[in-house]
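**Q** with the sequence up front, the predicted model follows.
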Amino acid sequence: MVGDARAIFLPDFKRLRAGESRFRGLRFIHTHLRNEPLTRDDLTDLSLLRLDLMVAIGLDAQGLPLAAHAAHLLPRSATEEGNGQAPERSEGRPTLTDRASAYRFLDPVHPSQLDVDFLDLMRNLEEEFARVQGPRAAAGGPEKAILVNVRANGSAGAAGAEMEELRELARSSGVRVVDVFTQARPRFDAKTLIGKGKLDELMIRGAQLGADLVIFDQDLAPAQAREIEAATELKVIDRTQLILDIFAQRAQSRDGKVQVELAQLKYLLPRLAGRDDALSRLTGGIGARGPGETRLEVDRRRIRDRIARLERDITTLSRGRGQRRARRNRRGLPIISIVGYTNAGKSTLLNALTHSRTRVEDRLFATLDPSSKRLRFPRDQEAIITDTVGFIRDLPKDLVNAFRATLEELGDADLLLHVADASSPHFESQIAAVEKILQSLSLGATPRLLALNKIDRLDPGEAEHLARRYDAVPISALRPETLGRLVDRLQEILWRETPSDEATQTVRGWAPSSAKVPE
């Protein structure tokens, strides 16, 4: 492609070769009137159009050529390939030896002295891009994602915790994280959330790393997601969509599947885009008068019908759960509901207390469907203990509404056992997030007991200090010998009496193997 300092003719790119690890087979040659090097727009075009080479020929006052400034794309460096992390973004114009750069700049020379075997250069570059990017997700490997967090100026301290959690969510969803972007802005861009420069950088990194999707920590408006997808040519999802995807993978019961589908459809409905605006008379009135419905209108109507059907199913399932709860209540057994942040160890604790085999996995939202067991105390007293879905900060509203029927179990609880991961550096904010959700469910008045789990990862003195500070019980669900104090406190709260010395001795030596009970 050849042009001047003002314009250039662009061919129909749909008819040209393209691919994630291939270039267009086109070189872009144009002029710069002041002999300046390649501009930011030049480099953006080089990346966005996946050109073989970008060349700017500088001119003198008489219009004669002075120097040819040229650059081509580079795959990520060997250092990044080894650790999977993004390099520090270098300031200013990258150099020949700056392997962390997205580009390689050739030495400026007179156009007549450009002596490079471009076909051989492009062939080697494409082989390197293909090697670095590895197999695509379509070949059976995990999808590659770039994580993005945009925050207001002055809130840099919280970005680390948020991105760490987003990385864990991506891992739980089976996605491989290849890069992380953060940006602090005085105000968010209404069109793309992030700035134009960062968007260009995101597009370049996506091409370098062979990324399949971009995951934003913030919720995106439908128009924002479409703009970012158009600019980067990558699939774009936000945190809410990622959580919904995890729930869809983990739902096993009929209740869980219905509730997840309902939440997904409510999230999808305002985000439908009209890809086919053609009118159809198949769904028109008598005789198919009028223009009929667009494809978009048909999709929206079908989704609304499906939502109404799912809401009826949830109502029916909720009545069934209510009947089962009523049968339990007639037995007069107190109910303990385990609540807490996701991956705090709630299911592991349930298994340790009841000698059950609830699924346990070191992933966020590993347990989705609630599970109820019978817990027998050393003084031959019994209670029902229920494990619920884990909470997370800013839990999507549609997800809370969809799971409200399941969370009704918490309303019948005589005691909420709040399990927190004491080893997490962010456990205080996690406790606050759980309390906020409990308040939104009108459960603020229900008695609760805080259990600080995973103390085996802390110094004994630190665990005791945290327990006194938060009036909590320090435990390790993996060590049954630490659960005696918890069982003691549960008895005190449920039956409002002080255990006898003999009973206390039994409680403190309690182990789950001696407390087998039927489910």
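**A** Received the coordinates, thanks. Residues are numbered from 1 along each chain as shown.
**Q** below-threshold pLDDT in the stretch 1-150 of the chain: ranges please.
**A** Across the stretch 1-150 of the chain, the ranges flagged by pLDDT under 70 are 8-21, 76-101, 132-141.
**Q** what about 50?
**A** When the per-residue scores of the stretch 1-150 of the chain are filtered using pLDDT under 50, the ranges that remain are 78-100, 137-139.
**Q** which residues in it form strands?
**A** Along the stretch 1-150 of the chain, the stretches classed as strands by DSSP state E, counting those that start in this stretch are 27-32, 53-59, 65-73, 103-105, 144-152.
**Q** now tabulate those strands in JSON lines and tack on distance to G197 and mean neighbour count.
**A** All C-beta atoms are positioned from the backbone trio N, CA, C, and that covers glycine. What follows is the strands of the stretch 1-150 of the chain, written out as JSON lines (distance: least, C-beta to C-beta, whole Å; neighbours: other C-beta atoms under 10 Å):
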{"stretch": "strand 27-32", "distance to G197": "21", "mean neighbour count": "18"}
{"stretch": "strand 53-59", "distance to G197": "18", "mean neighbour count": "21"}
{"stretch": "strand 65-73", "distance to G197": "18", "mean neighbour count": "20"}
{"stretch": "strand 103-105", "distance to G197": "15", "mean neighbour count": "19"}
{"stretch": "strand 144-152", "distance to G197": "13", "mean neighbour count": "21"}
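**Q** how about the ones you listed, which one is nearest T348?
**A** strand 144-152 (27.9 Å; C-beta to C-beta).
**Q** tell me which other helices or strands the closest one touches.
**A** Counting contacts by 3 or more C-beta pairs under 8 Å, 6 or more residues apart in numbering; DSSP states H and E, strand 144-152 packs against helix 156-172, strand 176-185, helix 196-209, strand 213-216.
**Q** what sits up against that strand?
**A** Applying C-beta atoms under 8 Å, 6 or more residues apart in numbering, the external contacts of strand 144-152 come out as 137, 158-159, 162-163, 166-167, 170, 175-188, 193-194, 202, 205-206, 209-218, 234.
**Q** what do you get if the cut-off is 6 Å, keeping everything else the same?
**A** Applying C-beta atoms under 6 Å, 6 or more residues apart in numbering, the contact partners of strand 144-152 are 159, 162-163, 166, 170, 175-184, 193-194, 211-218.
**Q** circling back: quick one: closest of the helices and strands packed on strand 144-152 to A433.
**A** That would be, of these and by C-beta to C-beta, helix 156-172, which comes in at 10.4 Å.
**Q** pick the most deeply packed of the helices and strands packed on strand 144-152.
**A** strand 213-216 (a mean of 23; mean count of other C-beta atoms under 10 Å).
**Q** how does this protein divide into domains?
**A** When the chain is parsed with automatic domain parsing, its domains come out as 13-133, 137-243, 251-323, 333-514.
**Q** turn those into CSV, columns for distance to M1.
**A** Formatted as CSV, those follow (distance: least, C-beta to C-beta, whole Å):
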stretch, distance to M1
domain 13-133, 5
domain 137-243, 19
domain 251-323, 30
domain 333-514, 46
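**Q** what's the closest of the ones you listed to D4?
**A** In this view, those are compared for proximity to D4 by C-beta to C-beta, and domain 13-133 is the closest at 5.3 Å.
**Q** on that earlier part again, closest to I243 out of the helices and strands packed on strand 144-152?
**A** Closest approach to I243 among these (C-beta to C-beta): helix 156-172, 6.6 Å.
**Q** the closest one: how far from the chain's middle?
**A** 8 Å (C-alpha atoms, centre = their mean, to the nearest Å).
**Q** that one - contacts with which helices or strands?
**A** Secondary-structure packing of helix 156-172 (3 or more C-beta pairs under 6 Å, 6 or more residues apart in numbering; DSSP states H and E): strand 144-152, strand 176-185.
**Q** want to throw these into a markdown table with distance to L353?
**A** Converted to a markdown table, those look like this (distance: least, C-beta to C-beta, whole Å):
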| stretch | distance to L353 |
| --- | --- |
| strand 144-152 | 36 |
| strand 176-185 | 35 |
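**Q** indicate which one of those strands is closest to I228.
**A** Taking C-beta to C-beta, strand 144-152 is the member of the helices and strands packed on helix 156-172 nearest to I228, at 8.9 Å.
**Q** so the closest one versus strand 176-185, what angle?
**A** Using axes from the mean of the first three to the mean of the last three C-alpha atoms, to 10 degrees, the inter-axis angle of strand 144-152 relative to strand 176-185 is 20 degrees.
**Q** not counting sequence-adjacent ones, nearest residue to L450?
**A** With C-beta to C-beta, 6 or more residues apart in numbering as the criterion, L450 has its nearest non-adjacent residue at 3.9 Å, and that residue is A472.
**Q** with T482 as the reference, measure out to the one you found.
**A** 13 Å (C-beta to C-beta, to the nearest Å).
**Q** quick one: which of these two has more around it?
**A** A472 (21 against 18; other C-beta atoms under 10 Å).
**Q** quickly list what V236 is bridged to.
**A** Each beta-bridge partner of V236 is listed here, defined by DSSP bridges: V214.
**Q** that one touches E227, doesn't it?
**A** No: V236 lies out of contact with E227 (C-beta atoms under 6 Å); the separation is 9.0 Å.
**Q** show the pLDDT at Q241.
**A** Listed pLDDT for Q241 reads 89.
**Q** now it, nearest residue through space, not along the chain?
**A** Spatially, and ignoring its direct neighbours in sequence, Q241 is nearest to Y267 (6.7 Å; C-beta to C-beta, 6+ apart).
**Q** on the three-state scheme, the one you found is what?
**A** Recorded secondary structure, Y267: helix (DSSP: H, G, I helix; E, B strand; the rest coil).
**Q** so Q183 touches I194, yeah?
**A** Yes: distance between Q183 and I194: 5.5 Å, which falls inside the contact criterion (C-beta under 6 Å).
**Q** to G444, which of the strands of the stretch 1-150 of the chain lies closest?
**A** Of all the strands of the stretch 1-150 of the chain, the one in closest proximity to G444, counting by C-beta to C-beta, is strand 144-152 (29.6 Å).
**Q** can you give me the angle the closest one makes with helix 156-172?
**A** Following the same axes, to 10 degrees, one obtains 160 degrees for the angle between strand 144-152 and helix 156-172.
**Q** can you show me the CA trace of strand 144-152 as CSV?
**A** Extracted in CSV, the C-alpha atoms of strand 144-152 (Å, rounded to 0.1, in the frame of the first residue of the first chain):
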residue,chain,number,x,y,z
LYS,A,144,-6.4,-17.3,27.1
ALA,A,145,-7.5,-14.1,28.8
ILE,A,146,-6.3,-10.6,29.5
LEU,A,147,-7.6,-9.2,32.8
VAL,A,148,-8.4,-5.5,32.9
ASN,A,149,-9.1,-3.3,36.0
VAL,A,150,-10.0,0.4,35.7
ARG,A,151,-10.1,2.3,38.9
ALA,A,152,-10.5,5.9,40.1
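**Q** name every strand pairing with that strand and say which way it goes.
**A** Taking DSSP bridges, the sheet neighbours of strand 144-152 turn out to be strand 176-185 (parallel), strand 213-216 (parallel).
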